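**Q** Below are the sequence and a predicted model for it; my questions follow.
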Amino acid sequence: MSWIRETELSLLERLTANILKAGPMPRHVAFIMDGNRRYAEKRHVERQEGHTQGFDKLAETLRWCLNLGIHEVTVYAFSIENFKRSKEEVDGLMELARQKFGRVLMEHENLEKHGVCIRVLGDLTLLPLDLQQLIANAVVSTKAHNKCYLNVCFAYTSRHEIANAVKEMAWGVEQGFIKSSDVSEVLLSQCLYSSNSPNPDLLIRTSGEVRLSDFLLWQTSYSCLAFQSVLWPEYSFWNLCEAILQYQLSYRSLQKAQELHRKDEVRQQVEADRTCVAELLQHRGNGKPLDAQSQQTALLNYTARREERVQCFLGALQHKRDTFFSDLNSQTVVAKT
């Protein structure tokens, strides 16, 4: 099965899509693709077949999203917790991943046609080296595509991601890129695996489970959450439309909450900068209070220097991550030759 299925919507589906698109549409949708194992039990087939059907449904769903004008999709493909499953099932999931990531080069023209950029988010060092290399190949070979983005969370949990972001900031301080006073909620967000993506507008979980299972906990604080009872391999275009309609009904309240959060982030950063400037002036000053204009100038200068440090750090962090993938990809090329 391809990464994206070449299917067109029916007349009724196109009509429904056009009606939905007259309202506010999510730019970024995240899926917890739950129910593959229960689907296998229901159909009396092997669990591996359930997971294979789940990937096929992802390819179909991605095409639906493109038809609806949704240009970014994030999926929970493999949790770090999944390593606790039976060795047979884990090995089967690893083999399925090898097959699907190994197909990327074969399908490069199709992915390029649709402009699909594949990103893989998670701690890839937990995976077998050959799978890491296949993933790196998929990421590097589609990096220049920019029409739509598929983020595959593999060897991922949100708590692991947040802990890693804290480690990245600590690395930035140790390397002298940033100061400890530069650490903030905004900077932590920029150190997450998902830093190159906007937060999801809509998160959908299938199979009837009403929990997030450690998926995008930070990023979905102000997202619409849709819990649907259908098993993932049985997911339909109409299920997706139902979730989008739920998002549209919640749109105003979500926008209001997001705007309040953005204002609060700005306020917290200004207060933190003012505190740092006051401490610096007290340490360097001669005891004479500065007038308001001098204090404002000092604040602006400090903010500019902080922003310069942060951008330098984020550039170094992105380079480190890009190098990780390019080095793995280079190993793959050398092995083939």
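**A** In hand now; what should we look at?

**Q** all helices for the stretch 101-250 of the chain, in order.
**A** 108-114, 129-141, 158-174, 185-190, 237-284 (DSSP state H, counting those that start in this stretch).

**Q** Out of the ones you listed, the one nearest Arg205 is which?
**A** Smallest distance to Arg205 across the helices of the stretch 101-250 of the chain (CB to CB): 9.8 Å, for helix 237-284. The way it works is simple: take the backbone N, C-alpha and C, and place the C-beta from them, glycine included.

**Q** So which elements touch the helix or strand just after that closest one?
**A** Beyond helix 237-284 on the C-terminal side, the first helix or strand identified by DSSP states H and E is helix 292-336. Contact here means 3 or more CB pairs under 8 Å, 6 or more residues apart in numbering; DSSP states H and E; on that basis helix 292-336 packs against helix 129-141, helix 158-174, helix 185-190, helix 237-284.

**Q** still on that earlier bit, pick out the shakiest of the helices of the stretch 101-250 of the chain, pLDDT-wise.
**A** When the helices of the stretch 101-250 of the chain are ranked by mean pLDDT, helix 108-114 comes last with a mean of 89.

**Q** Measure how far it is from the centre of its chain, please.
**A** The chain centroid and the centroid of helix 108-114 are separated by 21 Å, computed with CA atoms, centre = their mean, to the nearest Å.

**Q** Run through who's touching it.
**A** Residues from elsewhere that reach helix 108-114 (CB atoms under 8 Å, 6 or more residues apart in numbering): Ser2, Trp3, Ile4, Glu6, Leu66, Val104, Ile118, Ser141, Thr142, His145, Lys147, Cys148.

**Q** Buried by neighbour count, from those: which ones?
**A** Ser2, Trp3, Ile4, Leu66, Val104, Ile118, Ser141, Thr142, His145, Cys148 (16 or more other CB atoms under 10 Å).

**Q** and the gap between the nearest residue to the last one once chain neighbours are set aside and Leu11?
**A** This points to Cys148. Closest residue to Cys148 apart from its sequence neighbours, by CB to CB, 6 or more residues apart in numbering: His71 at 4.4 Å. The spacing between His71 and Leu11, counted by CB to CB, to the nearest Å, is 24 Å.

**Q** who has more neighbours, the two?
**A** His71 (16 against 8; other CB atoms under 10 Å).

**Q** and that one, what does it touch?
**A** Arg27, His28, Cys65, Lys147, Cys148, Tyr149.

**Q** Adding pLDDT and distance to Ala97, write those residues out as CSV.
**A** What follows is the contacts of His71, written out as CSV (pLDDT from 0 to 100; distance: CB to CB, whole Å):
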residue, pLDDT, distance to Ala97
Arg27, 97, 27
His28, 98, 23
Cys65, 95, 21
Lys147, 92, 24
Cys148, 93, 21
Tyr149, 97, 19
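
**Q** Output the helices and strands packed on helix 292-336 as TSV; include the columns distance to Trp218.
**A** TSV is the format used below for the helices and strands packed on helix 292-336 (distance: least, CB to CB, whole Å):
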stretch	distance to Trp218
helix 129-141	22
helix 158-174	6
helix 185-190	7
helix 237-284	12
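
**Q** So which of the ones you listed is the most surrounded?
**A** helix 129-141 (a mean of 20; mean count of other CB atoms under 10 Å).

**Q** Which strands and helices lie in contact with that one?
**A** Using 3+ CB pairs under 8 Å, 6+ apart as the test, helix 129-141 ends up in contact with helix 87-102, strand 116-121, helix 292-336.

**Q** Next, name the residue at the spatial heart of this protein.
**A** Nearest to the mean C-alpha position of the chain, by CA atoms, centre = their mean, lies Ser194 at 3.9 Å.

**Q** confidence score at that one?
**A** Reading off the model, Ser194 has pLDDT 97.

**Q** just Phe215 next, same as before
**A** So Phe215 comes in at 98 (pLDDT).

**Q** out of the contacts of helix 108-114, who's nearest Asn329?
**A** Ser141 (8.0 Å).

**Q** Hmm, the closest one is touching Gly102, no?
**A** No. Between Ser141 and Gly102 there is no contact under CB atoms under 8 Å: 11.7 Å.

**Q** Farthest pair within the contacts of His71?
**A** His28 and Lys147 (14.2 Å).

**Q** Good, we can wrap up now.
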